[in-house]
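In: What shape does this take:
(chains A, B, C and D)
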Number of protein chains: 2
Amino acid sequence: MSYVISLSIVFVPISIATMATGVDPKSAARRHERVRKQHSDELAQDYVEAIHELIESGKPARVTDLQSVFGVSHVSVVRALQRFEKRGLLDRSSGDGVQLTDLGRKMATEAAARHQLVVDFLRKLGVSHAQANADAEGLEHHLSDESLAALRKFVDGE
Amino acid sequence: MSYVISLSIVFVPISIATMATGVDPKSAARRHERVRKQHSDELAQDYVEAIHELIESGKPARVTDLQSVFGVSHVSVVRALQRFEKRGLLDRSSGDGVQLTDLGRKMATEAAARHQLVVDFLRKLGVSHAQANADAEGLEHHLSDESLAALRKFVDGE
DNA sequence: CTTTGAATGTAGCATAGGCTACATTGTGTG
DNA sequence: CACACAATGTAGCCTATGCTACATTCAAAG
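Out: Numbering: from 1, shown residues only, chains lettered A, B, ... in the order given. Below you'll find the predicted structure:
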């Protein structure tokens, strides 16, 4: 079998037919592929965000601290940190807790800004603070720039 | 337009202290745990939704069809279907394509309603149809009942 | 009737992300 | 000093999701 893989990640507007039905296979495949990519970055963003928050509040970001933030075993934390260190997001060589690289810090501040925007947005929609925070944790990784801009516009008074 | 909103999301209360700071480790752990649970159900919902759409539009839901919907190899589809069959969501014993069980159909219609609500909501915020559909794919799995109700209120004229 | 191509399934491998069990190391206290 | 506990790391196992390569089956075409 020979596959002809289309590398056209070019922007292709969804056809009228698709817009109505939502069942066009090609665009559906593109959407699902995008979600898979988002997932592969979610944990990294959550980690750098948590590490950033700890450091900003004067506390070291140790394995134990992250373990209680994420509610997983210390082993899962260690292995996640190993992966993210390989990806150049953080540095575990210094003594007390992990440090973020410039790249990690950039990712962290962007993630924090997105998170806050989503929380503010949900609050303005009338969602309780607790639920807004909880939902933002899942939502923040799946918003396009276009949707983020729309949320911002709404939050900033519409 | 009226929506049938899923009532299936677990309610997790969050303490007042948490609400203020957002950094309380225990509530953070609860939030992250909830997101992990949502992830473990995402693919199942996407599959039953896709299968339901195919069947509703008169086409059989075969491995090949789902392969092109999700943009993965046929092997990934087969193994996903095996898992979901074990979970009682679908039935592969009948001849032409998979069938949904009652449970699978219920999950599919709820997921479809959520998806449509998110799309309509983003559209009302000014997001393009193409991007609204794309973003909804990721967002729809991470909204609490409370947030879904807020979205519906906004869509229905506020 | 044979060949061929599409659909489906299996075998086996990779990575991400969970886990428990065990080893090491450092620190503080009886 | 020695024992104990907390923090960290490693070994090894699990499931979910991807993949390629190979096997089977069936229908359509020559």
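
In: So, low pLDDT: which residues of chain A?
Out: Within chain A, the stretches with pLDDT under 70 are A:1-23, A:25, A:158.

In: Helices along that one, start to end?
Out: Assignment of helices within chain A using DSSP state H yields the ranges A:16-21, A:25-56, A:63-70, A:74-86, A:102-125, A:129-139, A:145-155.

In: between these, which gets nearest to B:Leu148?
Out: Among the helices of chain A, helix A:129-139 comes nearest to B:Leu148, with 9.5 Å by C-beta to C-beta. C-beta: built from backbone N, CA, C; applies to glycine.

In: is any part of the closest one close to DNA strand C?
Out: No - using C-beta under 7 Å from any atom of the strand, helix A:129-139 stays clear of DNA strand C, coming no nearer than 12.2 Å.

In: send the alpha carbons of that helix over as CSV?
Out: Presented in CSV, the C-alpha positions along helix A:129-139 are these (Å, rounded to 0.1, in the frame of the first residue of the first chain):
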residue,chain,number,x,y,z
HIS,A,129,-14.9,31.0,41.6
ALA,A,130,-14.3,27.4,42.7
GLN,A,131,-15.8,25.9,39.5
ALA,A,132,-14.2,28.5,37.3
ASN,A,133,-10.8,27.5,38.6
ALA,A,134,-11.5,23.8,38.3
ASP,A,135,-12.8,24.1,34.7
ALA,A,136,-10.0,26.4,33.6
GLU,A,137,-7.6,23.7,34.4
GLY,A,138,-9.0,21.6,31.6
LEU,A,139,-10.1,24.3,29.2
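
In: For chain A, list the residues in contact with DNA strand D, please.
Out: So far as C-beta under 7 Å from any atom of the strand goes, chain A lies against DNA strand D at A:Arg36, A:Arg62, A:Val63, A:Thr64, A:His74, A:Val75, A:Val78, A:Arg79, A:Leu81, A:Gln82, A:Arg92, A:Gly97.

In: residue contacts, the most centrally placed residue in chain A?
Out: With distances taken as C-alpha atoms, centre = their mean, the residue of chain A nearest its centroid is A:His141 (3.5 Å). When contacts are counted by C-beta atoms under 8 Å, 6 or more residues apart in numbering or on different chains, A:His141 is found next to A:Gln38, A:His39, A:Asp41, A:Glu42, A:Gln45, B:Gly138.

In: For the residues you listed, give me CSV that also has neighbour count.
Out: As requested, these are exported to CSV (neighbours: other C-beta atoms under 10 Å in any protein chain shown):
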residue, neighbour count
A:Gln38, 15
A:His39, 14
A:Asp41, 13
A:Glu42, 18
A:Gln45, 21
B:Gly138, 24
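
In: So which of the residues you listed is the closest to DNA strand D?
Out: Relative to DNA strand D, the closest of these is A:His39; by C-beta to the nearest atom of the strand it sits at 8.5 Å.

In: Show me what counts as buried in stretch A:29-49.
Out: A:29-32, A:34-35, A:42-49 (16 or more other C-beta atoms under 10 Å in any protein chain shown).

In: Distance check, A:Leu125 against DNA strand D.
Out: 29 Å (C-beta to the nearest atom of the strand, to the nearest Å).

In: Report how many residues lie close to the residue lying closest to that residue once chain neighbours are set aside.
Out: Leaving aside its sequence neighbours, A:Leu125 sits nearest to B:Ala150 (C-beta to C-beta, 6 or more residues apart in numbering or on different chains; 4.2 Å). B:Ala150 has 24 neighbours, counted by other C-beta atoms under 10 Å in any protein chain shown.

In: looking at it, A:Asp135 is touching B:Glu140, isn't it?
Out: No - contact criterion C-beta atoms under 8 Å: A:Asp135 and B:Glu140 do not qualify, at 11.9 Å.

In: does A:His32 really touch B:Phe70, like I thought?
Out: Yes - in this structure, A:His32 is within contact of B:Phe70 by C-beta under 8 Å, at 4.9 Å.
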